[in-house]
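Chemist: quick one: sequence plus predicted model below, questions after.
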Amino acid sequence: MTANSNGQSQAQTSHPYPGLQSLERLVGTWDVSGPDIQGQVVFEWMEGSFFLMQQVDFIHGGHPIKGIEIIGYEREFGATEPSQHIKSRWFDNGGNSFTYTYEVDEETLTIWGGKKGSPAYYRGRWRDDGNTNAGSWVYPGGGYASTMTRAKPSSNG
């Protein structure tokens, strides 16, 4: 434990949590397309590999959206263990700030709006080569389909 600038103790971890390995398949630059969305997203690890950063630049519903998202496990002040689920915080040029919960495996990418089980979510299936994910955002009163295709791999690997 170390003390931060406020004198509070905080646990320090020297290695990223094993559950973060599932996010590795997102790393790189992706073209996003669909009937109502066009643009690009870039996923890269923050130094230390505890958090994945996403930068977004697309047109959705005719509106330009630029945003950032930080994805990883939450750890409360003074806690020694991370949260059970991979969480994120999204910020965009429209003043939006959302929380999401991520689930990534060999077959699907699910992003829950808020907590796992929310009625707002994205679910997409990976193609065999891992370079395409196609699915839909679903939320009360709407939704839209999108496909994410790898434009180039991570500069890290």
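Modeler: Now that the structure is in, tell me what you want to look at. Owing to the predicted nature of the structure, the values given are computational and were not obtained by experimental measurement.
Chemist: so which residues of this protein form strands?
Modeler: Here the chain has its strands, by DSSP state E, at 2-3, 9-10, 28-34, 37-45, 52-60, 63-73, 86-92, 97-104, 108-113, 121-126, 132-139, 142-153.
Chemist: as a markdown table, those with mean pLDDT would be great.
Modeler: Converted to a markdown table, these look like this (pLDDT from 0 to 100):
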| stretch | mean pLDDT |
| --- | --- |
| strand 2-3 | 48 |
| strand 9-10 | 46 |
| strand 28-34 | 97 |
| strand 37-45 | 97 |
| strand 52-60 | 97 |
| strand 63-73 | 97 |
| strand 86-92 | 97 |
| strand 97-104 | 96 |
| strand 108-113 | 97 |
| strand 121-126 | 98 |
| strand 132-139 | 97 |
| strand 142-153 | 93 |
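Chemist: wait, which of the ones you listed is closest to residue 21?
Modeler: strand 97-104 (9.4 Å; CB to CB). Using the backbone N, CA and C atoms, a C-beta is placed for each residue, glycine as well.
Chemist: if we can go back for a sec, okay, the strands of the chain in JSON lines with mean neighbour count and distance to residue 18 next?
Modeler: Below are those laid out as JSON lines (neighbours: other CB atoms under 10 Å; distance: least, CB to CB, whole Å):
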{"stretch": "strand 2-3", "mean neighbour count": "8", "distance to residue 18": "23"}
{"stretch": "strand 9-10", "mean neighbour count": "13", "distance to residue 18": "21"}
{"stretch": "strand 28-34", "mean neighbour count": "18", "distance to residue 18": "21"}
{"stretch": "strand 37-45", "mean neighbour count": "17", "distance to residue 18": "15"}
{"stretch": "strand 52-60", "mean neighbour count": "17", "distance to residue 18": "14"}
{"stretch": "strand 63-73", "mean neighbour count": "17", "distance to residue 18": "10"}
{"stretch": "strand 86-92", "mean neighbour count": "17", "distance to residue 18": "12"}
{"stretch": "strand 97-104", "mean neighbour count": "17", "distance to residue 18": "13"}
{"stretch": "strand 108-113", "mean neighbour count": "18", "distance to residue 18": "19"}
{"stretch": "strand 121-126", "mean neighbour count": "18", "distance to residue 18": "20"}
{"stretch": "strand 132-139", "mean neighbour count": "17", "distance to residue 18": "22"}
{"stretch": "strand 142-153", "mean neighbour count": "15", "distance to residue 18": "22"}
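Chemist: save those as TSV, and put in distance to residue 19 too.
Modeler: Shown next, in TSV, are these (distance: least, CB to CB, whole Å):
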stretch	distance to residue 19
strand 2-3	23
strand 9-10	20
strand 28-34	20
strand 37-45	14
strand 52-60	12
strand 63-73	7
strand 86-92	7
strand 97-104	10
strand 108-113	14
strand 121-126	18
strand 132-139	19
strand 142-153	21
